[in-house]
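> whatever this is, show me its structure:
(one chain, ligands or ions: 1)
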Amino acid sequence: MPNKIGAILRGLKNMYPQAGCGLDFAGPWQLLAATILSAQCTDQRVNRITPVLFARYPDPPAAARADREEMMEIIKSAGFFQNKARAIIGAARMIERDYDGQVPNQLEELIKLPGVGRKTANVVLGNAFAIPGITVDTHVGRVSRRLGLSAWSDPEKVERDLMALVPEKDWTEFSHQMICHGREICKARQPECPRCGLNDCCQQGEAGGEMGNAPWKK
Ligand code: SF4
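Numbers count the residues shown, from 1 in each chain. Model prediction:
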């Protein structure tokens with residue numbers, strides 16, 4: 001496995017040298033709010049919404065006092081806007097009340113905030129605080145299973161498997177690269193194995209790229 005994970009890390013680096021956070025933000029509060037908005041929504045759409053959102057609610061105290069109807073109007077194109085507005089306002093209130101107005105920089109504290117799970121917490125840690133974190137979204141989970149890095153569908157279990165395999169310093173970059181790979185080549189319905197740079201070290205690639213027999217198609 002050490003050789004395999006080394007080859008995967010090198011392959012991902014070659015394919016996605018520029019991979020990074022696709023959300024526009026300045027500071028932990030903006031990234032937290034943008035990541036909450038990004039659920040079931042593209043980064044591009046979120047980036048069209050957040051300039052208005054952040055101008056109106058530049059920090060947790062401002063968002064804590066937001067009128068929910070007004071915030072919903074600003075973010076409605078992100079989808080699920082009622083829940084997202086509730087989460088952003090609820091998180092802002094808790095940050096103001098329990099964390100002196102500062103977004104906490106520990107996973108255990110971040111996941112106490114409304115609307116914040118391990119995925120969002122790791123995005124904030126890795127990209128706003130430069131604290132390594134592995135983000136397991138739908139792409140990272142799927143690609144990990146196909147590569148044979150994890151057998152689990154539960155994101156937390158996939159995260160634990162990846163944390164044991166990938167050097168800690170690479171966690172954040174690895175997450176971005178895996179997300180790119182899931183979006184661009186190892187797609188959910190039709191992974192493009194013949195042009196995949198990880199073909200040689202992929203469980204499925206080693207099986208000869210028999211996509212019709214791929215376990216996820218059964
Ligand atoms: S070889 Fe195919 S299944 Fe394996 S990572 Fe590449 S695209 Fe995904």
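
> from Q106, how far out is L37?
Distance of L37 to Q106, given as CB to CB, to the nearest Å: 23 Å. In short, each C-beta sits where N, CA and C put it, glycine included.

> looking at those two, which one has more neighbours?
Each of L37 and Q106 has its neighbours counted (other CB atoms under 10 Å); L37 has more, 28 against 12.

> surely the more buried one is in contact with I74?
No. When contacts are counted by CB atoms under 8 Å, L37 is not listed as touching I74 (10.1 Å).

> and for the two, which residues touch both?
Shared contacts of L37 and I74 (CB atoms under 8 Å, 6 or more residues apart in numbering): 49, 53.

> just the CA coordinates of the longest helix along the chain, formatted as PDB?
Assignment by DSSP state H gives helix 81-98 as the longest helix of the chain. What follows is helix 81-98, C-alpha atoms only, in PDB (Å, rounded to 0.1, in the frame of the first residue of the first chain):
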ATOM      1  CA  PHE A  81     -32.000  28.600   1.000                       C
ATOM      2  CA  GLN A  82     -34.200  28.300   4.100                       C
ATOM      3  CA  ASN A  83     -32.000  25.700   5.700                       C
ATOM      4  CA  LYS A  84     -28.800  27.500   4.600                       C
ATOM      5  CA  ALA A  85     -30.000  30.900   6.000                       C
ATOM      6  CA  ARG A  86     -30.900  29.200   9.300                       C
ATOM      7  CA  ALA A  87     -27.500  27.500   9.400                       C
ATOM      8  CA  ILE A  88     -25.500  30.700   8.600                       C
ATOM      9  CA  ILE A  89     -27.400  32.800  11.200                       C
ATOM     10  CA  GLY A  90     -27.300  30.000  13.800                       C
ATOM     11  CA  ALA A  91     -23.600  29.500  13.300                       C
ATOM     12  CA  ALA A  92     -23.000  33.300  13.500                       C
ATOM     13  CA  ARG A  93     -25.000  33.500  16.800                       C
ATOM     14  CA  MET A  94     -23.100  30.600  18.300                       C
ATOM     15  CA  ILE A  95     -19.700  32.000  17.200                       C
ATOM     16  CA  GLU A  96     -20.600  35.400  18.800                       C
ATOM     17  CA  ARG A  97     -21.900  33.800  22.000                       C
ATOM     18  CA  ASP A  98     -19.500  31.000  22.600                       C
END
